[in-house]
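Visitor: Here is a sequence together with a model predicted from it:
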Amino acid sequence: MQAAICNLQSAILELRDLQYRYPDGTEALRGVSLRLAPGEKLALVGPNGAGKSTLLLHLNGVLRAAGPAVLVDGAPLSDATLRAVRARVGMVFQDPDDQLLSPTVFDDVAFGPLHMGLAEDEVRARAARALEQVEMARFAERMPHRLSLGQRKRVALATVLAMEPAVLALDEPSAGLDPRARRGLIELLRRLPQAMVVSTHDMAMVAELFTRAVVLREGLVAYDGPAAPLLADDALLAQLGLERP
């Protein structure tokens, strides 16, 4: 089933037997393999403690597993490729305040391109485009901490979009949002052309936005396939510790 969704030749991102144990001995990932095609939107679901956030943090090297377990554009993540990988795979954390540290929204969004060594005109152009993409251009001179949670989440996404990544890795993007902000975020994610790996407990969002779901359970892939059949199978959902949306 996995090969039918994304074959080796089309993979922009690949995990090969990804294993990770935290320093305290907790075994978070016990051999996860998957491939992601350009433009594909993949929902990563499972109960708390299944390894979802740990997996996301490996995608651009925040956490590092031994060996060539993470490949981007066919190249293994390593010290030599880390900077290039982080330009290709953008991480959006659950709490936007982890990413918004500058005096103004524009400064936050310009930070990544600026540290890529781009010319000032290109930095400004990228920041402006990213803010337009998330419909936050009119807030460019505002202080991030004065924005609502939904607005801060959009700005955090813009900080990553300004790097022009090919893959977005998002951790619980709809968590804490009111219905209107959640609806707006879903529509925004639908419009973005990048491939996505989105960790979420929001099964209604999975049903609406994703064609493919990967279920993690105790650090292993328990399901990798079309989202619709999974969400329609009450027995399988119960077996995997999930609920129908």
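Guide: Everything's here; your move.
Visitor: Just the helices from the chain, written as ranges.
Guide: Assigned by DSSP state H, the helices in the chain fall at 2-5, 52-58, 82-88, 105-115, 120-133, 149-161, 179-191, 203-209, 227-231, 234-239.
Visitor: Of all those, which one comes closest to Ala28?
Guide: Proximity to Ala28 (Cβ to Cβ) singles out helix 52-58 among these, at 4.1 Å. In short, each C-beta sits where N, CA and C put it, glycine included.
Visitor: Surely Ala162 and Gly112 touch.
Guide: Yes: taking contacts as Cβ atoms under 8 Å, Ala162 lies within contact range of Gly112: 5.4 Å.
Visitor: What ranges in this structure fall below the confidence cut-off?
Guide: 1-9 (pLDDT under 70).
Visitor: center of it - which residue?
Guide: By Cα atoms, centre = their mean, the chain has its centre lying nearest to Ala169, at 1.4 Å.
Visitor: so it sits right up against Asn60, yeah?
Guide: Yes: taking Cβ under 8 Å as the definition, Ala169 is a contact partner of Asn60 at 6.8 Å.
Visitor: Touching both of these two, which residues are there?
Guide: Taking Cβ atoms under 8 Å, 6 or more residues apart in numbering as the criterion, Ala169 and Asn60 both touch 89-91.
Visitor: can you pick the most crowded of the residues you listed?
Guide: Val89 (29 neighbours; other Cβ atoms under 10 Å).
Visitor: where's it relative to Leu36, distance?
Guide: Distance of Val89 to Leu36, computed by Cβ to Cβ, to the nearest Å: 10 Å.
Visitor: can you list residues touching both of these two?
Guide: In contact with both Val89 and Leu36: 13, 167, using Cβ under 8 Å, 6+ apart.
Visitor: quick one: contacts for the closest residue to Lys41 other than its chain neighbours?
Guide: Leaving aside its sequence neighbours, Lys41 sits nearest to Met196 (Cβ to Cβ, 6 or more residues apart in numbering; 4.6 Å). Under the criterion of Cβ under 8 Å, 6+ apart, the neighbours of Met196 are 40-42, 167-170, 189.
Visitor: Check His201 too.
Guide: Counted by Cβ under 8 Å, 6+ apart, His201 has contacts 45, 172, 175.
Visitor: The second one: neighbour count?
Guide: When neighbours are counted by other Cβ under 10 Å, Glu172 registers 18.
Visitor: Against Tyr22, how distant is Gly184?
Guide: To Tyr22, Gly184 is 35 Å away according to Cβ to Cβ.
Visitor: who's more crowded, those two?
Guide: Gly184 (16 against 10).
Visitor: I'd say that one and Gly150 touch.
Guide: Yes: judged on Cβ under 8 Å, Gly184 makes contact with Gly150 at a distance of 7.0 Å.
Visitor: mind checking how far stretch 74-85 is from the chain centre?
Guide: Chain-centre distance of stretch 74-85: 18 Å, with Cα atoms, centre = their mean, to the nearest Å.
Visitor: which parts of it are buried?
Guide: Buried residues in stretch 74-85, counted by 16 or more other Cβ atoms under 10 Å: 77, 81, 85.
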